[in-house]
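In: have a look; sequence and predicted model below, questions after that.
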Amino acid sequence: MSPTPVPTTELTKDVLTILLIGGDGDYVLDMNTDTLMVAVVNRSTKQVSLLSIPRDLWVHIPTYGWGRINIAHRIGQRGKYPDGRGPGLLMRTIEENLGIPVDHWVRIGYKGFARAVDELGGVDMIVPCRVNLRYRPPTSEDQQEMILSPGIHHLDGDTALRYVRTRRGDTDFERAQRQQQFLKAVWHQFKSPETVLKIPGLWTAMRGAFATDLNLGDVLALAPVALELEPQRVRSLAIGRGQVQGWTTPGGARVLLPIPESVQETVTRLDAPIPAGDTGATEAARVQMQNGTARPQLALLAADQLRWQGFQVVDTGAADRVDYQNSQIVVFDDRPEAVAQLARLLRVKPANIIQQPDSGQQADLGVILGSDYDPCR
């Protein structure tokens with residue numbers, strides 16, 4: 001007996017939803033999906049939301065029955081689902097279980113992903129947390145250790161693939177965060193009129209590396225949104241720990257059961273306006289970032305975090321010493337809303353907010369990072 005489908009979320013006419021499907025292999029019929037993400041693009045408000053869906057989510061798959069959501073594409077391919085085969089059945093599964101209408105899909109396998117990154121010339125990635133990329137090369141039986149320490153790294157295709165796929169030392173939830181960070185880094189690095197002009201050539205060069213029901217005209221029509229989009233108007237969402245609970249099926253499989261109320265609360269945020277008061281852009285606050293520890297590149301990591309919140313980071317560098325225990329906010333010019341948001345983001349206590357007006361600084365606010373700052377939180 002099938003469950004009652006979840007009511008479909010009402011989206012405005014200017015909203016486009018695109019399902020991003022990452023491959024477990026290169027999509028022969030027996031392969032499952034490895035990554036699922038829905039991008040919701042509002043062309044009117046110039047806002048994008050990314051929603052990661054865990055592959056172990058236990059759902060009802062139309063025409064099949066209950067199973068992990070990552071098998072829906074395979075079931076559709078095998079059964080030649082009449083409305084779009086694998087992607088079609090996966091789109092219908094998402095709509096009936098999560099209430100998200102999906103307009104288009106893009107599918108890419110491992111080799112295609114690595115090739116796409118290499119075609120772009122690699123991606124500069126700000127890595128906030130230590131990541132273990134240990135792997136076994138195709139030509140060897142031995143594992144090779146590869147650790148990315150926090151900082152800025154230039155990733156080629158193979159390394160980028162390992163970065164978005166690895167689960168060593170963490171879970172699918174942390175992996176989903178890295179995948180969204182990577183997509184945001186790609187957009188931020190390559191958004192420019194020059195890149196838009198290269199899209200037709202890249203489209204031709206990348207033929208065969210991915211599959212989609214979008215055409216070149218559809219992609220070019222989205223280019224103005226990509227160019228005008230501001231970092232603080234990219235919202236990261238996930239069906240994560242707070243929206244699921246672990247469960248073991250009668251057959252012994254360990255899966256994730258969705259908590260309906262929590263899932264729907266997340267889904268309704270996909271196209272909800274981002275309040276101006278939720279970003280550092282409300283007061284056009286200019287921030288000077290200084291590293292008060294011996295940890296390398298910490299100021300750059302914090303600056304990247306703040307830029308995605310709408311702050312204008314005008315300078316990064318070293319503080320006067322490296323033994324600060326507690327992070328501080330120095331107020332050069334009164335920006336109460338920005339100070340409150342900074343204190344929340346960086347977990348700065350009120351006692352460490354210091355007033356220093358009329359200091360002749362080019363910034364409105366200064367931040368000195370102490371050893372209590374953790375970019376992984």
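Out: Nice, I can see it.
In: going forward, measure contacts between C-alpha atoms and count neighbours the same way
Out: Noted.
In: what's around Trp203, how many residues?
Out: Neighbour count of Trp203, defined by other C-alpha atoms under 10 Å: 15.
In: do the same with Lys46
Out: 18.
In: surely it and Ala223 touch.
Out: No. Look at Lys46 against Ala223 with C-alpha atoms under 8 Å: they stay out of range, at 11.2 Å.
In: dig out what Asp124 forms beta bridges with.
Out: His154 (DSSP bridges).
In: who's in contact with it?
Out: Ile152, His153, His154, Leu155, Ala185, Val186, Gln189 (C-alpha atoms under 8 Å, 6 or more residues apart in numbering).
In: quick check, pLDDT for it.
Out: If you check Asp124, the pLDDT there is 96.
In: relative to Val255, how far out is it?
Out: 35 Å (C-alpha to C-alpha, to the nearest Å).
In: which parts of the helix or strand in which Val196 is found are buried?
Out: Taking DSSP states H and E as the definition, Val196 sits inside helix 193-205. Along helix 193-205, these residues count as buried under the neighbour rule (16 or more other C-alpha atoms under 10 Å): Val196.
In: packing partners for it?
Out: helix 216-228 (3 or more C-alpha pairs under 8 Å, 6 or more residues apart in numbering; DSSP states H and E).
In: what's the helix it packs on in contact with?
Out: Arg43, Lys46, Trp187, Lys191, Ser192, Pro193, Val196, Ile199, Pro200, Trp203.
In: past that helix, which element shows up next along the chain?
Out: In N-to-C order, the element after helix 216-228 by DSSP H and E is strand 234-238.
In: out of the contacts of Asp124, which end up buried?
Out: Here, 16+ other C-alpha under 10 Å leaves Leu155, Val186 buried among the contacts of Asp124.
In: now the contacts of helix 216-228 in TSV, with pLDDT?
Out: Conversion of the contacts of helix 216-228 to TSV gives the following (pLDDT from 0 to 100):
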residue	pLDDT
Arg43	93
Lys46	93
Trp187	96
Lys191	94
Ser192	94
Pro193	94
Val196	93
Ile199	94
Pro200	95
Trp203	93
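In: and the nearest residue to Thr249 once chain neighbours are set aside, what element?
Out: Closest residue in space to Thr249, ignoring its immediate chain neighbours: Val255 at 7.3 Å, by C-alpha to C-alpha, 6 or more residues apart in numbering. Element membership for Val255, per DSSP H and E: strand 254-258.
In: centre of the chain to that strand, how far?
Out: Relative to the centre of its chain, strand 254-258 is centred 22 Å away, using C-alpha atoms, centre = their mean, to the nearest Å.
In: quick revisit: now, which of the contacts of Asp124 sits nearest Gln341?
Out: Ala185 (22.9 Å; C-alpha to C-alpha).
In: the helix or strand encompassing that closest one to helix 216-228, inter-axis angle?
Out: Taking DSSP H and E as the criterion, Ala185 maps to helix 172-190. Put simply, helix 172-190 runs at 90 degrees to helix 216-228, going by axes from the mean of the first three to the mean of the last three C-alpha atoms, to 10 degrees.
In: got the buried residues for helix 172-190?
Out: So, applying 16+ other C-alpha under 10 Å, buried residues of helix 172-190: Asp172, Phe173, Arg175, Ala176, Arg178, Gln179, Gln180, Gln181, Phe182, Lys184, Val186, His188.
In: who's Thr17 bridged to?
Out: Those that pair with Thr17 in a beta bridge, by DSSP bridges, are Val40.
In: mind checking how far it is from Val41?
Out: Thr17 is 6 Å from Val41, by C-alpha to C-alpha.
In: next: Leu202.
Out: 22 Å.
In: how about Met125?
Out: In terms of C-alpha to C-alpha, Met125 sits 23 Å off from Val41.
In: neighbour-wise, which of those two wins?
Out: The neighbour comparison of Met125 against Val41 (other C-alpha under 10 Å) goes to Val41, with 23 against 20.
In: excluding its backbone neighbours, what's nearest that one?
Out: Here the residue nearest Val41, using C-alpha to C-alpha, 6+ apart, is Val48, at 4.6 Å.
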